[in-house]
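1. Quick check, what structure comes out for this input:
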Amino acid sequence: MGFFDTDNDIVSANPLPPLAERLRPSSLDDYIGQKHLVGEGSVIRRMIESGNVSSFILWGPPGVGKTTLARIIANTTKSAFFTLSAVTAGVKDVRDILDKCKADATNVFTIGRPILFIDEIHRFNKSQQDSLLGAVERGTVTLIGATTENPSFEVIRPLLSRAQVYTLKPLEKAELEALLEHALKHDEVLSKRDVVVESTSALFRFSGGDARKLLNILDLLEQSTGHGEKLVISDAKVTETLQENPAAYDKGGEMHYDIISAFIKSIRGSDPDAAVYWLARMIAGGEDPVFIARRMAILAAEDIGLANPNALLLANATFDIIHKIGMPEGRIPLSECAIYLANSPKSNSAYMAIDAALALVEQTGDLPVPLHIRNAPTQLMKELGYSEGYKYAHDYPGNFVQQQFLPSEIEGKRLWHACSNPAEDKLEQLRKSRWKR
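-> Here you go, the predicted structure:
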């Protein structure tokens, strides 16, 4: 039922849904982005085309199409589609949905196995995740999970072994351009407006690779422009509009990635004041303190490393104590750790060394282990020369003796290069005194 305004025009009691919902694609042909997963010949497209969809978890930032992709899979394979939000669902809700999936498996009107889509699956605790294992194992249901957090940290190992993880990426500029063009041409509201696109840098910058965010900004621009006016999309207009309503592009805390990036870069840049400011922004915005602590642990190894190994110990202790005391008290160890990391000397030599080593492994393949450092638990192995000639370091002065440890093909290859800081200067001097070759 409608209601009347002063001009006796009927105003709908059911306004149009947001632009992002109006433009939600229903097929892969309209889906923008993630070509590595849904492009021709890609893994998820092949699943859909074969009708044999395995359980998997979609990992990526907000607004890149996780929920939409799950719905498209269900529509295309003609599968029953059930959804749960890990934010509100409990173990009983999971079991109730699984019972419905079992019942639907015999429904003659559906073809594919029922699909259970769980949004924010990283928020499920161990018991909730355990309750899914049997149904996934038996094939009662195809599980599609969505998460913005690293599944290897937040999803239990038995479930990870039953569900492949696929990473979704923020939309690139060309994909954002395609989305903008699609919205202006095909949306039932925007297609009827007189639109002038003057510049898009600010629109794409504020979107940050997030399709939903871009469409929300367009929606806001359209709603803030009178129907008799020309709808102008320009850097100045976007910036002006978002300054008037900054929440329009941060609904639900979607600046999560921007602020954690600023936080990490502030610590890496040794600015404790900026680090504490961005930490406060995250705490005030309701960010998960475990996420913050985990990112500081990663940074301690990646950006401080051997320049101050105690940084990793403190970051790990912070990660541990956050689990024990929670918030709001947890803000204090988080602040202590952030300030300590920001003031620590910096080195990425360990990070660079392992990446160089992985690149070398990919380049050289499975080179054989030198015989003298192989394990020799049997007589046959000893007869074959395993462990023969190995020099036990503790039998030599200073617990060191030169011998070959790398495969012969890459003997002498340098992978770790010390950064210039007091701690690593000592390590480099020690390395040079030992390895004089």
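2. Just the element for the residue nearest to V43 when sequence neighbours are not counted, please.
-> Among residues not flanking V43 along the chain, L37 sits closest, at 6.3 Å (C-beta to C-beta, 6 or more residues apart in numbering). Heads up, the C-betas are built off the backbone N, CA and C, glycines and all. Applying DSSP states H and E as the criterion places L37 in helix 35-38.
3. Alpha carbons of that helix, in PDB - could you do that?
-> Backbone C-alpha positions of helix 35-38 (Å, rounded to 0.1, in the frame of the first residue of the first chain) are rendered in PDB as follows:
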ATOM      1  CA  LYS A  35      38.800 -14.100 -14.300                       C
ATOM      2  CA  HIS A  36      41.400 -16.500 -12.700                       C
ATOM      3  CA  LEU A  37      38.400 -18.300 -11.200                       C
ATOM      4  CA  VAL A  38      35.500 -17.800 -13.600                       C
END
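4. buried sites along it?
-> Using 16 or more other C-beta atoms under 10 Å as the burial criterion, the residues of helix 35-38 that qualify are L37, V38.
5. following that helix, which helix or strand comes up?
-> Next along the chain after helix 35-38, taking DSSP H and E as the criterion, comes helix 43-50.
6. Please list the outside residues in contact with whichever helix or strand comes after that following helix.
-> Per DSSP H and E, the first helix or strand lying C-terminal to helix 43-50 is strand 56-59. Identification of contacts with strand 56-59 by C-beta atoms under 8 Å, 6 or more residues apart in numbering yields 44, 66, 69-70, 121, 143-151, 155, 160, 163-168.
7. Now do strand 56-59, average pLDDT.
-> For strand 56-59, mean pLDDT rounds to 93.
8. tell me the pLDDT at the residue nearest to V43?
-> pLDDT at L37 comes out at 93.
9. tell me the contacts of it?
-> By C-beta under 8 Å, 6+ apart, the contact set of L37 is V43, I44, R45, L69, Y166, L168.
10. what about stretch 130-149, start to end distance?
-> This stretch, stretch 130-149, spans 19 Å end to end (C-alpha to C-alpha, to the nearest Å).
11. swap in stretch 73-92?
-> End-to-end distance for stretch 73-92: 26 Å, by C-alpha to C-alpha.
12. With stretch 365-377 instead?
-> By C-alpha to C-alpha, the extent of stretch 365-377 from end to end equals 26 Å.
13. hang on, P62 is in a helix, isn't it?
-> No: under DSSP: H, G, I helix; E, B strand; the rest coil, P62 sits outside any helix and is assigned coil.
14. Isn't it up against H256?
-> Yes: contact criterion C-beta atoms under 8 Å: P62 and H256 qualify, at 7.5 Å.
15. shared neighbours of these two, anything?
-> By C-beta under 8 Å, 6+ apart, P62 and H256 have these common neighbours: T148.
16. Filter the contacts of strand 56-59 down to the buried ones.
-> For the contacts of strand 56-59, a burial check counting by 16+ other C-beta under 10 Å picks out 44, 66, 69-70, 121, 143-149, 151, 155, 163, 166, 168.
17. Give me the subset of those residues that lies in strands.
-> Mapping the buried ones among the contacts of strand 56-59 onto strands (DSSP state E) picks out L143, I144, G145, A146, T147, Y166.
18. Contact partners for the fifth one?
-> Think T147. Taking C-beta under 8 Å, 6+ apart, we find T147 in contact with I57, L58, W59, E120, I121, H122, E154, V155.
19. Of the residues you listed, which pair is most distant in space?
-> Greatest spacing in the contacts of T147, by C-beta to C-beta: L58 and E154 (13.5 Å).
20. ok, V276 to I339 distance?
-> Plainly put, V276 is 6 Å away from I339 if you go by C-beta to C-beta, to the nearest Å.
21. Mind telling me what element A297 is part of?
-> Here A297 is assigned to helix 289-299, by DSSP H and E.
22. by contact count, what packs against that helix?
-> Where contact means 3 or more C-beta pairs under 8 Å, 6 or more residues apart in numbering; DSSP states H and E, helix 289-299 is packed against helix 256-268, helix 272-284, helix 310-325, helix 331-343.
23. shaky segments in the stretch 301-437 of the chain?
-> Across the stretch 301-437 of the chain, the ranges flagged by pLDDT under 70 are 437.
24. can you pull out the helices in it?
-> Under the criterion DSSP state H, counting those that start in this stretch, helices of the stretch 301-437 of the chain are mapped to 310-325, 331-343, 349-364, 379-383, 422-434.
25. Of the ones you listed, which stretch is the most buried?
-> The highest average neighbour count among those, using mean count of other C-beta atoms under 10 Å, belongs to helix 331-343 at a mean of 20.
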